[in-house]
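Trainee: Starting from these lines, generate the structure:
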Amino acid sequence: MPMIPLSVMEEIKARSPIEDVVSRYVSLKRAGSNLTASCPFHSERTPSFVVFPATQSFYCFGCGAGGDVISFLMRIENLEYPDAVRELAERCGVSIPESGGHEEQGVSRKRLYELNREAARFYRDNLFDEKKGAAARRYLAERGLTSAIVKRFGLGFAPDDFSMSDTMRAKGFTDDELVAAFLCKRSERTGRPYDLFRGRVMFPIIDTSGRVIAFGGRVMGDGVPKYLNSSDTPVFKKSRNLFALNYAKSSSAEEMILCEGYMDVIALHAAGVENAVATLGTALTDEQARIIAKYTKRVVLCYDSDDAGQRADSRALELLGAVGLDVRVLKLKGAKDPDEFIKKFGVDAFRDALSGSSSKFRYTMDKVLSKYDVSSDEDKIRAMREINEYIAGFGSEVEREIYIGQASDKLGISRDSIKNDVSLIIRKKRRSDKRSEAVEIARDAAGFGDRVNRDKLTHLRSASCEETVLGMLAAYPEYIKEVSSGGALSLSPEDFTTEFGRRAFETMLRIYGETGGFDIALLSAELTQDEVSRITKLAVSRDKLDNGHEVFAENVRALKDEKRKQQSKTDDAFEAIMRLREKNQAENENEE
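Mentor: Sure thing, here's the model as predicted:
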């Protein structure tokens with residue numbers, strides 16, 4: 001993608017305040033002049049993600065993610081730089097000028113949205129075709145789905161042939177677009193794309209903006225795989241979407257039901273329980289947990305009662321609890337899943353069961369106790385150790401008090417005994433955490449394990465000067481003009497000793513030379529997101545420090561001095577090697 005004019009980038013960002021864009025994905029809270037939230041890029045209990053409206057940047061002091069609104073969109077939507085810029089430009093109505101009239105290579109997200117919409121129409125039309133869709137309509141009717149609910153969810157039918165791709169080509173879509181959308185796969189023998197979904201009932205996956213982004217297909221008989229789901233595409237990431245969230249988000253303010261499969265969700269919606277969603281053929285991810293936390297306060301897990309469902313419960317409890325949600329577990333008796341339960345007992349019975357769902361602690365305690373014979377003293381002690389460890393993991397003292405009471409009542413052990421053991425576990429963990437934190441701080445200061453600046457450890461002094469200079473250049477672009485003007489404070493990439501510092505500085509100079517200014521967003525075109533995050537951190541860290549001209553000049557001079565010292569050491573080492581070589585040659589000649 002050619003360099004975007006700085007004026008255009010500034011207009012895109014002016015029309016897209018970072019606080020407005022970020023608030024679409026996480027709940028921001030005012031903290032003085034800034035805004036905070038739980039980080040959308042890692043799980044945490046204490047918010048460490050900060051948005052700085054004054055500088056239109058963000059930084060997470062927990063995981064180190066940082067940048068501007070472009071960087072944020074790249075991370076949250078898993079986009080490449082050109083796609084993130086275009087996406088933001090489209091949202092705010094800014095036109096990006098084309099350079100040289102050439103089209104960008106690759107498949108555009110806009111075309112894939114259009115292709116998915118047309119494919120969904122094709123599958124729907126086939127379902128309601130009198131002959132082609134007869135078997136599929138019969139199957140859906142047998143599953144208890146009315147025509148109204150089928151239409152609401154946009155269900156369709158993929159015939160057992162290759163007519164979908166032929167129809168899409170006739171509408172002007174290319175083979176590359178069909179493959180990129182995971183509607184087709186290329187034949188290893190001929191290289192020609194063929195339809196992936198054939199002979200299946202089709203479930204469109206629709207995002208919260210109402211766009212078809214992917215599909216799930218289910219066989220109607222005993223074929224395998226039972227479900228075939230879209231792989232990740234430029235417009236779809238399994239780990240960041242949920243089936244039926246486009247409907248459930250309007251009914252989930254207080255509580256959301258998380259199921260395993262499409263049919264469970266559809267059955268619940270058909271019965272009037274419209275706050276149900278499902279993952280997309282995979283276990284719950286931390287990204288999905290954070291998305292759920294945006295729409296609700298409490299989640300009821302309603303997974304299948306088999307072993308796989310039990311394992312999924314444990315993982316989901318951990319992830320949902322980590323983002324601060326109240327989690328409960330619903331175990332349905334007499335049926336393996338919500339679809340079967342409602343067919344057998346009706347929706348009123350389901351609502352009754354829902355009201356009796358187990359709390360996260362009750363479910364976990366019962367699961368621990370099921371492993372032991374608590375009539376035995378030894379087993380009761382083992383069970384109590386596990387339960388105490390679990391209670392100690394809760395940050396709220398109120399929660400711990402409640403759970404200590406429940407464990408005491410269940411096992412007949414005094415509350416004081418359990419409380420003392422829990423307190424001991426907490427103290428040990430805090431001591432261990434403090435030791436680990438101190439070690440981590442020391443390692444970080446010394447550059448150990450620095451994946452962004454791998455040379456820092458061997459060039460600590462010069463790397464420190466580089467960080468100050470880069471941070472001030474990013475925060476105050478007027479310094480870029482000064483170092484590139486050829487004056488007393490001029491800098492060149494060769495003055496930097498670390499490879500990261502050199503590349504970052506080169507990129508800044510190039511941006512300034514091509515645009516006449518600097519915007520941190522333009523770094524994302526050439527540097528990795530981790531590198532952009534590091535530069536953002538360096539800029540943010542200047543906020544409470546002296547950023548005057550003398551400080552900048554001092555660090556520029558120190559950086560040059562360090563480079564000269566290192567060069568002098570290199571020259572001395574080279575001369576010593578040459579002298580030794582000459583000596584060895586002379587000795588060899590004398591021996592001859």
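
Trainee: When you work out contacts or count neighbours from here on, use the C-alpha atoms and nothing else.
Mentor: Noted.

Trainee: Now do the same for residue 202: helix, strand or coil?
Mentor: strand (DSSP: H, G, I helix; E, B strand; the rest coil).

Trainee: ok, now residue 41?
Mentor: Applying three-state DSSP: residue 41 is coil.

Trainee: And stretch 330-337, how far out from the chain middle?
Mentor: How far stretch 330-337 lies from its chain's middle: 32 Å, per Cα atoms, centre = their mean, to the nearest Å.

Trainee: C-alpha coordinates for it, PDB please?
Mentor: Only the C-alpha atoms of stretch 330-337 are listed here, as PDB (Å, rounded to 0.1, in the frame of the first residue of the first chain):
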ATOM      1  CA  LEU A 330     -26.700 -25.700  34.200                       C
ATOM      2  CA  LYS A 331     -26.900 -29.400  34.200                       C
ATOM      3  CA  LEU A 332     -30.000 -30.700  32.500                       C
ATOM      4  CA  LYS A 333     -31.400 -34.000  33.800                       C
ATOM      5  CA  GLY A 334     -33.000 -36.400  31.500                       C
ATOM      6  CA  ALA A 335     -31.600 -34.900  28.300                       C
ATOM      7  CA  LYS A 336     -28.100 -34.500  26.800                       C
ATOM      8  CA  ASP A 337     -28.600 -30.900  25.600                       C
END
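
Trainee: So which bits of it are buried?
Mentor: 330, 331, 332, 335, 337 (16 or more other Cα atoms under 10 Å).

Trainee: Tell me the predicted confidence for the nearest residue to residue 405 once chain neighbours are set aside.
Mentor: Computed as Cα to Cα, 6 or more residues apart in numbering, the closest residue to residue 405 that is not its neighbour in sequence is residue 415, at 6.2 Å. pLDDT, residue 415: 94.

Trainee: how near is residue 415 to residue 428?
Mentor: 20 Å (Cα to Cα, to the nearest Å).

Trainee: For the residue lying closest to residue 342 once chain neighbours are set aside, give me its contacts.
Mentor: Once flanking residues are discounted, residue 342 sits nearest to residue 350: 6.5 Å by Cα to Cα, 6+ apart. Residue 350 is in contact with 338, 341, 342, counting by Cα atoms under 8 Å, 6 or more residues apart in numbering.

Trainee: from those residues, which ones fall inside helices?
Mentor: 338, 341, 342 (DSSP state H).

Trainee: Please pick the buried ones from these.
Mentor: Looks like the ones in helices among the contacts of residue 350 have 338, 341, 342 buried, using 16+ other Cα under 10 Å.

Trainee: State whether the first one and residue 269 are indeed in contact, as I suppose.
Mentor: It refers to residue 338. No. At 11.0 Å, residue 338 and residue 269 do not qualify as touching, with contact defined as Cα atoms under 8 Å.

Trainee: Would you confirm that residue 336 contacts residue 304?
Mentor: Yes. Counting by Cα under 8 Å, residue 336 does reach residue 304; the two are 5.5 Å apart.

Trainee: Confirm that residue 558 sits in a helix.
Mentor: Yes. Assigned with three-state DSSP, residue 558 falls within a helix.

Trainee: Contact partners for it?
Mentor: Residue 558 neighbours (Cα under 8 Å, 6+ apart): 462, 465.

Trainee: Pull up the gap between it and residue 460, please.
Mentor: 13 Å.

Trainee: go on, residue 135?
Mentor: Look at residue 135 and residue 460: by Cα to Cα, they are 71 Å apart.

Trainee: ok, now residue 115?
Mentor: From residue 115 across to residue 460, the span is 53 Å (Cα to Cα).

Trainee: Looking at these two, which one has more neighbours?
Mentor: Taking neighbours as other Cα atoms under 10 Å, residue 115 and residue 460 compare with residue 115 leading, 23 against 16.

Trainee: Now the more buried one: which helix or strand?
Mentor: Taking DSSP states H and E as the criterion, residue 115 maps to helix 109-127.

Trainee: quick revisit: look at residue 415 and residue 428 and report which has more neighbours.
Mentor: Neighbour totals were compared for residue 415 and residue 428, and residue 415 leads with 16 against 10 (other Cα under 10 Å).

Trainee: I figured that one hits residue 402, correct?
Mentor: No. With contact defined as Cα under 8 Å, residue 415 does not count as touching residue 402 (10.2 Å).

Trainee: Tell me where the stretch 51-200 of the chain has strands.
Mentor: Taking DSSP state E, counting those that start in this stretch as the criterion, the stretch 51-200 of the chain carries its strands at 57-60, 66-67, 156-158, 184-186, 193-195, 200-206.

Trainee: The stretch 351-500 of the chain too?
Mentor: 358-359.

Trainee: Point out where it drops to low pLDDT.
Mentor: 436-449 (pLDDT under 70).

Trainee: Residue 9 versus residue 21, what's the distance?
Mentor: As judged by Cα to Cα, residue 21 and residue 9 stand 16 Å apart.

Trainee: So for the two, which sits in the more crowded spot?
Mentor: Counted by other Cα under 10 Å, residue 21 and residue 9 do not tie: residue 9 has more neighbours, with 19 against 15.

Trainee: Report the contact partners of the more buried one.
Mentor: Applying Cα under 8 Å, 6+ apart, we find residue 9 in contact with residue 521.

Trainee: Please identify the helix or strand for it.
Mentor: Here residue 9 is assigned to helix 6-14, by DSSP H and E.

Trainee: now residue 257, which residues is it bridged with?
Mentor: Under the criterion DSSP bridges, residue 257 forms beta bridges with residue 276, residue 300.
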